[in-house]
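>>> This is a predicted model, with the sequence first.
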Amino acid sequence: MAHGGNIPAPDSPHKSGSADGQAGTALVSSRPTLPAPIGRRLLLDTKNKMQPIDTCCFAVRGALYHCPVKGEFEHHADALVQVDAEGTIIDLTPASAPGYAELCQALADAGKLTELTPGQYLMPGMVDLHVHAPQWPQAGKGLDLPLYDWLQDYTFPLEARFEDPEFARQVYPHLVNALLANGTTSAVYFATVHNPASLILAETCLALGQRGYVGKINMDDASQCPPYYIETTDQGLADTEAFIQQVRALPGNEQQLVNPVITPRFVPSCTPEMLKGLGELAQRYHCHVQTHCSESDWARDYSLEHYGQSDVEIYRDMGLLGSRTILAHSIFLSDEDMVAIRDAQAAIAHCPLSNMYFANAAMKTREVLDGDLQVGLGTDLAGAPIPSVFHTCLDAVNHSRVREDGTDTHRPASERGEAGSRISFLDAYWMATVGGGLAIDAKVGLLAPGYAFDALVVDANAQDSDLYLPEGMDSPRDVLEKLICLTRRHNIRTVWVQGRKVISK
Ligand SMILES: [Zn+2]
């Protein structure tokens, strides 16, 4: 049998997302591997009343949503989240807990309580696993071109401009602020080949308070890279090692909010010597790794032709496939590739909208989720133009639905698509939060004790809101699906990263 472990064959049956509207309905049986939550540390005084935890720095009270289990969700109409001075959640207290009102009053008296208003929802921050930071100025341009033309005409000339650090100082703050304002608390970035500009991106994340994973790109194969945008193998490896050290030593980065990422652009842009050298750096520095993986027919065929292997096999043999690896796209995966990714505990960045432009095929999202591979979402700016992981959730659902139904009207419905391949909005939202957190190896994506307080407040009553939540008409699941589909930048009132308020309006 070609596929091993629990990886299902492409046509295997599974439980698909139902539209029953029941809160907490289990759609898939598999559970993510999450660290066990720490125990409750509520303090009781002599009269047995609940008191704020002594290390509580501030607390937020209101309605909240998150997805502790893949395909399910947890909702509280009223709950309290306490956060310590390090920005870590120390308790989630439901309103049903004894002494809840007194606890909230004590926090209010101490000036530590933020209370949400009706129509506001506390949610985990979004994780964007794939962003090309230097492409921000081209977002929305030329996306009806073939990939080769798009790269040659727009992307490479633009990325080459980042040789000038001043250009980086102009572009990167605008991008990082736009992502934070859209609720993206963690972002995994491709920068460019240039060390100074890539370091400016890392400094920008740190200054604006975003959890950033920043990669100086490597591309040294003269047959595939334009002559004006290439590095030598030796210089590229030396620059990468220096970049790792520089990011880790940035002043103010003691909590490692910003992390260096080893970033071979993709197999065709790198020589085997470069890939091997980067693999050695990944092992030596225990670094995150990101790259593109089997994104298109051309990329898949290039690897088979030049190495006789798939991208996954090449990265594995070069020492680049590990528990800190993020593989963007991963469209053309064999069953063996999927097993290798799962066994290595590497993660996939699913980029549904850019896949529709450039991937030539649909992502096997259902199989990846059911096979217990780590997977999160990426906007893939600017291979897709929209800087919102909320929107990416919608794209992921749309992508799976088109795949399930198919498109060729000359075929009968039964032969048109791939039955049973749809995903639910809860699956998508889980990928955007918990799945992303697992991919970056950070305790983010849940509003649970021990997790970083990376969170946002969505306000359905913001001015010009498209979120319409008429009283008594929506179940908790209905509301969450609406929040996923219709949250826009102006609905996001407040954003915290590691307990620091980075957006407030
Ligand atoms: Zn990409």
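Thanks, I have the structure now.
>>> give me every residue that touches residue 124.
Each residue near residue 124 by C-beta atoms under 8 Å, 6 or more residues apart in numbering is listed here: 66, 433-434, 444-447, 454-456. Using the backbone N, CA and C atoms, a C-beta is placed for each residue, glycine as well.
>>> And the furthest pair within these?
With distance counted by C-beta to C-beta, no two of the contacts of residue 124 lie farther apart than 434 and 456, which are 15.2 Å apart.
>>> that older thread, among the contacts of residue 124, which one sits closest to residue 58?
residue 455 (11.7 Å).
>>> Show the model's pLDDT score for the closest one.
On the pLDDT scale, residue 455 is placed at 99.
>>> just the one 3 residues further on next, same as before
On the pLDDT scale, residue 458 is placed at 98.
>>> Identify the residues contacting the helix or strand hosting it?
According to DSSP states H and E, residue 458 maps onto strand 455-459. The contact list for strand 455-459, computed with C-beta under 8 Å, 6+ apart, reads 60, 62, 81, 116-117, 119-126, 183, 185, 447, 465, 467, 483, 487, 491-496, 503.
>>> Report the mean per-residue pLDDT for stretch 358-372.
Mean pLDDT, stretch 358-372: 94.
>>> now do stretch 232-248
98.
>>> who has more neighbours, residue 434 and residue 456?
The neighbour count for residue 434 versus residue 456, taken as other C-beta atoms under 10 Å, is higher for residue 456 (27 against 24).
>>> Please tell me how far that one sits from residue 449.
19 Å (C-beta to C-beta, to the nearest Å).
>>> quick one, phi psi at residue 503?
Backbone geometry at residue 503, expressed as degrees, to the nearest 10, gives phi -140, psi 130.
>>> ugh, typo on my part, it should be residue 69
Torsion angles, degrees, to the nearest 10, at residue 69: phi -120, psi 140.
>>> Distance of it relative to residue 404?
23 Å.
>>> burial of the closest residue to residue 359 other than its chain neighbours, as a residue count?
Closest residue to residue 359 apart from its sequence neighbours, by C-beta to C-beta, 6 or more residues apart in numbering: residue 331 at 4.8 Å. Applying other C-beta under 10 Å, we find 23 residues neighbouring residue 331.
>>> looking at this, residue 331 is in a helix?
No. Secondary structure of residue 331 (DSSP: H, G, I helix; E, B strand; the rest coil): coil, not part of a helix.
>>> wait, isn't it in contact with residue 363?
Yes. Taking contacts as C-beta atoms under 8 Å, residue 331 lies within contact range of residue 363: 5.7 Å.
>>> what residues do those two have in common as contacts?
Shared contacts of residue 331 and residue 363 (C-beta under 8 Å, 6+ apart): residue 355.
>>> Let me see the confidence value for the closest residue to residue 505 other than its chain neighbours.
Closest residue to residue 505 apart from its sequence neighbours, by C-beta to C-beta, 6+ apart: residue 493 at 6.0 Å. You'll see residue 493 listed with a pLDDT of 98.
>>> now the angle from the helix or strand harbouring residue 493 to strand 455-459?
Assignment of secondary structure by DSSP H and E places residue 493 within strand 492-497. Compare the direction of strand 492-497 with that of strand 455-459 by axes from the mean of the first three to the mean of the last three C-alpha atoms, to 10 degrees and you get 180 degrees.
>>> I'd like to check which residues are in contact with the residue lying closest to residue 315 once chain neighbours are set aside.
Closest residue to residue 315 apart from its sequence neighbours, by C-beta to C-beta, 6+ apart: residue 321 at 4.5 Å. Contact analysis of residue 321 by C-beta under 8 Å, 6+ apart lists 289, 312, 315, 340-341, 344, 346.
>>> make it 7 Å
Applying C-beta atoms under 7 Å, 6 or more residues apart in numbering, we find residue 321 in contact with 312, 315, 340, 344, 346.
>>> Report the contact partners of the last one.
Contact partners of residue 346, counting by C-beta under 7 Å, 6+ apart, are 321-323, 325, 327, 374.
>>> let's see it at 10 Å
Counting by C-beta atoms under 10 Å, 6 or more residues apart in numbering, residue 346 touches 289, 293, 312, 315-316, 320-327, 330, 340, 373-374, 439.
>>> The residues you listed in strands, which ones?
With strands taken from DSSP state E, the overlap with these comprises 289, 293, 325-327, 374.
>>> between those, which is nearest residue 274?
Of all the ones in strands among the contacts of residue 346, residue 274 sits closest to residue 289, with 13.2 Å by C-beta to C-beta.
>>> Residue 449 in helix, strand or coil?
coil.
>>> wait, residue 481 sits on residue 390?
No. Counting by C-beta atoms under 10 Å, residue 481 sits too far from residue 390 to count as a contact (11.6 Å).
>>> Which of those two has more residues huddled nearby?
A count of neighbours by other C-beta under 10 Å puts residue 390 above the other of residue 481 and residue 390, at 27 against 21.
>>> which stretch of helix or strand covers the more buried one?
Using DSSP H and E, residue 390 maps to helix 389-405.
>>> Tell me how many other residues crowd residue 153.
Using other C-beta under 10 Å, residue 153 is surrounded by 14 other residues.
>>> oh sorry, the question was meant for residue 464
Residue 464 has 7 neighbouring residues, counting by other C-beta under 10 Å.
>>> from here on, count from 231
Okay, using 231 as the starting number, the last item reads as residue 694.
>>> Show me how this protein divides into domains.
As assigned by automatic domain parsing, the chain contains the domains 273-354+677-734, 357-618+656-670.
>>> tell me the most buried of these?
Among the domains of the chain, ranked by average contacts under mean count of other C-beta atoms under 10 Å, first place goes to domain 357-618+656-670 (a mean of 22).
>>> Now the terminal residues of that one, how far apart.
Counting by C-alpha to C-alpha, to the nearest Å, you get 9 Å between the two ends of domain 357-618+656-670.
>>> how far out from the middle of the chain is it?
Centroid separation for domain 357-618+656-670 versus its chain: 12 Å, with C-alpha atoms, centre = their mean, to the nearest Å.
>>> quick one: contacts for residue 562?
523-527, 529-531, 533-534, 540-542, 589-591, 594.
>>> how about a cut-off of 7 Å?
524, 530, 591.
>>> What of residue 603?
Applying C-beta under 7 Å, 6+ apart, the residues near residue 603 are 568, 571-572, 578.
>>> on that earlier part again, can I get the contacts of residue 551 in a markdown table with distance to residue 503 and pLDDT?
Below are the contacts of residue 551 laid out as a markdown table (distance: C-beta to C-beta, whole Å; pLDDT from 0 to 100):
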| residue | distance to residue 503 | pLDDT |
| --- | --- | --- |
| 542 | 20 | 98 |
| 545 | 15 | 98 |
| 570 | 23 | 98 |
| 574 | 23 | 98 |
| 576 | 23 | 98 |
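>>> Okay, and residue 443 sits in which element?
strand 441-445.
>>> Can you tell me what sits against that strand?
So strand 441-445 is contacted by 415-421, 428, 431-432, 435, 477, 487-493, 518, 520, 670, 672, 674, 684, 727 (C-beta under 7 Å, 6+ apart).
>>> ok, what's across the strand from the nearest residue to residue 500 once chain neighbours are set aside?
Nearest non-adjacent residue to residue 500, counting by C-beta to C-beta, 6+ apart: residue 494, 4.7 Å away. Residue 494 has these beta-bridge partners by DSSP bridges: residue 448.
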